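[1] could you work out the structure for the sequence below:
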Amino acid sequence: MLLNASLRQVENGAVSKSLKKFRSKNRDLHRKLGRFLLVCALISGLYGIISLIVLPVFGGLASDTAGWFFGTLFVVSIIRVLV
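    Next comes the predicted model:
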């Protein structure tokens with residue numbers, strides 16, 4: 001039972017952000033960790049788009065188009081959250 005609960009929290013991504021007690025007791029740390037997580041996600045999304053430009057895509061036009069579409073969607077979503 002405990003293992004299932006901890007696996008569910010790991011599947012949610014940021015474990016500390018899904019804990020209700022942690023959020024209520026450490027609001028400032030919770031917000032700082034959230035901002036840090038968004039900055040890391042933004043860096044990773046931008047790196048994905050840059051790698052589409054620099055590295056060759058082995059799936060042809062379909063993979064290239066999907067990479068551009070979902071990479072741009074990811075970065076735009078993060079920017080909308082930050083602003």
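[2] need the helices for this protein, in chain order.
    For the chain, the helices defined by DSSP state H cover 2-11, 20-25, 27-54, 61-82.
[3] just put the ones you listed in TSV and tack on mean neighbour count and mean pLDDT.
    C-beta: built from backbone N, CA, C; applies to glycine. TSV is the format used below for the helices of the chain (neighbours: other C-beta atoms under 10 Å; pLDDT from 0 to 100):
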stretch	mean neighbour count	mean pLDDT
helix 2-11	10	49
helix 20-25	10	78
helix 27-54	13	89
helix 61-82	13	90
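[4] ok, now which ones touch Phe58?
    Going by C-beta atoms under 8 Å, 6 or more residues apart in numbering, Phe58 touches no other residue.
[5] how near is it to Asp64?
    For Phe58, the distance to Asp64 equals 10 Å [C-beta to C-beta, to the nearest Å].
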